[in-house]
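A.B. asks: Starting from these lines, generate the structure:
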Amino acid sequence: MTGPKPLANILEITPYKGGQKLDHGWKLSSNENPLGSSQAARTALAKAAEHLELYPDGSAFALREALAKKYGIDAGRIVCGAGSDEIFQLLGRAYLQPGDEIIQSQHGFLVYKLVAQQAGAKCISAPEKNLTADVDAMLERVTDRTKIVFLANPNNPTGSYIPYEEVKRLHKGLRDDILLVLDGAYAEYVRQNDYAAGMEMAGEEPNVLVTRTFSKIHGLAGLRVGWAYGPESVIDALHRVRGPFNVTSVGQAAAIAALADDEFVSHSADHNNGELDRLKPALEAMGYKVYPSVANFLLIEFEDRDGKRADDADAFLRSRGIVIRDMKAYGLPECMRLTIGTKEANDEVLEAFDAFAKAG
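C.D. replies: Numbers count the residues shown, from 1 in each chain. Got it, this is the predicted structure:
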């Protein structure tokens, strides 16, 4: 007896795997906030947990109102989800069917491709320049089957970004019936003057959606809270396909408190950018190629010779209690991604990388 068979396109999917961890040592594989989360968020969570017998507010009204006030946007054009990952899944349900296409940059976030595969659609990857999204390459790959263009800005796992003027040029080159999704998971870390997450564009254009998350700088990855802002028609479609209680009550409460804790967010960004500025030149001085990053991680390229490849580095680091992320699934087998950790963790990382560089 064989039992029921899943759809053929589902069996072609390689499930997403998060960053691994060790029983001890430093987990620097998942771009988590090394400073934890806001005390205000933890306090709000504990209070909300006193009534776990109650269903959450299915509309996430209070959270949407808090987001609207924070960003000066319309609460009616916000949808919340179990992380921005769920928002992407909802987009697949609402807009993709077999034969459709999505476009992403060459080393875009893996979940975009999974969303397409689940719908029986095809993911088209546009070549990048210096591991940075190339607007012209993305526009060249638009066809009459293109339904969604995903742009992670900044991008995971490369850490690169494109200026807002380039984002606007990308949008201008798309048909009105193509949805441009701007994934701003790491937006709070960026301090470059030519960057914008695209909130203004999502407020003005009928085919632009911005997604954000509480998992990164707010440190609420374990609660799974994300949101999106965009045209009423798109938000309406997402509400129609989401689960009725898709964001937990404790998640909503913690997110509202985290959103109000500007001091924690600022401290997290300061720590991250200070450590980025310390780690990158230190690793380069050891002989490693380290790509520029405006996010909370660094992409590091290793030599292509015995004993010095990425796999060798991975084994060496694990032996010292440090786990970072291999990049084979992203088509970057020669690279690994290092999450910015605490100062203590980063000190041990530098010691380990230095020892690896000198070994053999």
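A.B. asks: okay but Ile103 is in contact with Phe150, surely?
C.D. replies: Yes. Using Cβ atoms under 8 Å as the test, Ile103 is close enough to Phe150 to be in contact (7.2 Å). For glycine as for every other residue, the C-beta is placed from the backbone atoms N, C-alpha and C.
A.B. asks: Neighbour count for the two, which is higher?
C.D. replies: Ile103 (29 against 25; other Cβ atoms under 10 Å).
A.B. asks: for stretch 76-93, which positions count as buried?
C.D. replies: 77-93 (16 or more other Cβ atoms under 10 Å).
A.B. asks: ok, now stretch 96-105?
C.D. replies: Here stretch 96-105 shows Leu96, Asp100, Glu101, Ile102, Ile103, Gln104, Ser105 as buried, counting by 16+ other Cβ under 10 Å.
A.B. asks: returning to that earlier point: among the buried residues of stretch 76-93, name the ones in helices.
C.D. replies: Members of the buried residues of stretch 76-93 lying in helices (criterion: DSSP state H): Gly83, Ser84, Asp85, Glu86, Ile87, Phe88, Gln89, Leu90, Leu91, Gly92, Arg93.
A.B. asks: Give me the distance between the closest residue to the second one other than its chain neighbours and Glu50.
C.D. replies: Across the structure, with Cβ to Cβ, 6 or more residues apart in numbering as the measure, the residue nearest Ser84 apart from its sequence neighbours is Gly226 (3.6 Å). Computed with Cβ to Cβ, to the nearest Å, the distance linking Gly226 and Glu50 is 25 Å.
A.B. asks: Also Lys122?
C.D. replies: 48 Å.
A.B. asks: Run through the strands of the stretch 101-250 of the chain in chain order.
C.D. replies: Residue ranges of the strands in the stretch 101-250 of the chain, as given by DSSP state E, counting those that start in this stretch, are 101-105, 122-126, 146-152, 179-183, 208-213, 226-229.
A.B. asks: Same list (the ones you listed) but as TSV, adding mean pLDDT and distance to Ala44.
C.D. replies: TSV is the format used below for the strands of the stretch 101-250 of the chain (pLDDT from 0 to 100; distance: least, Cβ to Cβ, whole Å):
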stretch	mean pLDDT	distance to Ala44
strand 101-105	98	35
strand 122-126	97	38
strand 146-152	98	29
strand 179-183	98	26
strand 208-213	98	18
strand 226-229	98	17
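A.B. asks: Can you give the distance of stretch 300-308 from its chain's centre?
C.D. replies: 27 Å (Cα atoms, centre = their mean, to the nearest Å).
A.B. asks: What distance separates the opening and closing residues of it?
C.D. replies: 13 Å (Cα to Cα, to the nearest Å).
A.B. asks: ok, Lys5 - how many residues close by?
C.D. replies: 8.
A.B. asks: ok, so what distance separates the nearest residue to Val135 once chain neighbours are set aside from Asp194?
C.D. replies: Excluding its sequence neighbours, the residue lying closest to Val135 (Cβ to Cβ, 6+ apart) is Leu170, at 4.7 Å. Between Leu170 and Asp194 the computed distance is 15 Å (Cβ to Cβ).
A.B. asks: Now do the contacts for Pro56.
C.D. replies: Going by Cβ atoms under 8 Å, 6 or more residues apart in numbering, Pro56 touches Phe245, Val247, Thr248, Ser249, Gly251, Gln252.
A.B. asks: so it is in which element?
C.D. replies: In the assignment (DSSP states H and E), Pro56 maps to no helix and no strand.
A.B. asks: so what's it closest to, chain neighbours aside?
C.D. replies: For Pro56, the spatially nearest residue (Cβ to Cβ, 6+ apart) is Ser249, at 3.8 Å.
A.B. asks: Surely the one you found is in contact with Gly58?
C.D. replies: No. Counting by Cβ under 8 Å, Ser249 sits too far from Gly58 to count as a contact (10.4 Å).
A.B. asks: what's stretch 104-111 in contact with?
C.D. replies: 16, 85, 88, 112-113, 123-128, 131, 133-134, 138, 149-152, 155-158, 183, 329-332.
A.B. asks: swap in stretch 310-317?
C.D. replies: 302, 306, 323-324, 326-327, 333-336, 352-353, 355-356, 359.
A.B. asks: So for the biggest helix by length in the chain, mean pLDDT?
C.D. replies: Identified as the longest helix of the chain according to DSSP H is helix 262-285. Average pLDDT, helix 262-285: 98.
A.B. asks: next one: that helix to chain centre, how far?
C.D. replies: 18 Å.
A.B. asks: got the CA positions of it in CSV?
C.D. replies: Only the C-alpha atoms of helix 262-285 are listed here, as CSV (Å, rounded to 0.1, in the frame of the first residue of the first chain):
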residue,chain,number,x,y,z
ASP,A,262,13.5,53.0,20.8
GLU,A,263,16.5,52.8,23.2
PHE,A,264,16.8,49.0,22.7
VAL,A,265,16.6,49.3,18.9
SER,A,266,19.2,52.1,18.9
HIS,A,267,21.5,50.1,21.2
SER,A,268,21.2,47.0,19.0
ALA,A,269,22.0,49.0,15.9
ASP,A,270,24.9,50.7,17.5
HIS,A,271,26.4,47.5,18.8
ASN,A,272,25.9,45.8,15.4
ASN,A,273,27.5,48.6,13.3
GLY,A,274,30.4,49.0,15.8
GLU,A,275,31.2,45.3,15.6
LEU,A,276,30.8,45.2,11.8
ASP,A,277,33.4,48.0,11.7
ARG,A,278,35.7,46.0,14.0
LEU,A,279,35.3,42.5,12.6
LYS,A,280,35.5,43.2,8.8
PRO,A,281,39.0,44.8,8.8
ALA,A,282,40.3,42.4,11.4
LEU,A,283,39.3,39.4,9.2
GLU,A,284,40.6,41.0,6.1
ALA,A,285,43.9,41.6,7.8
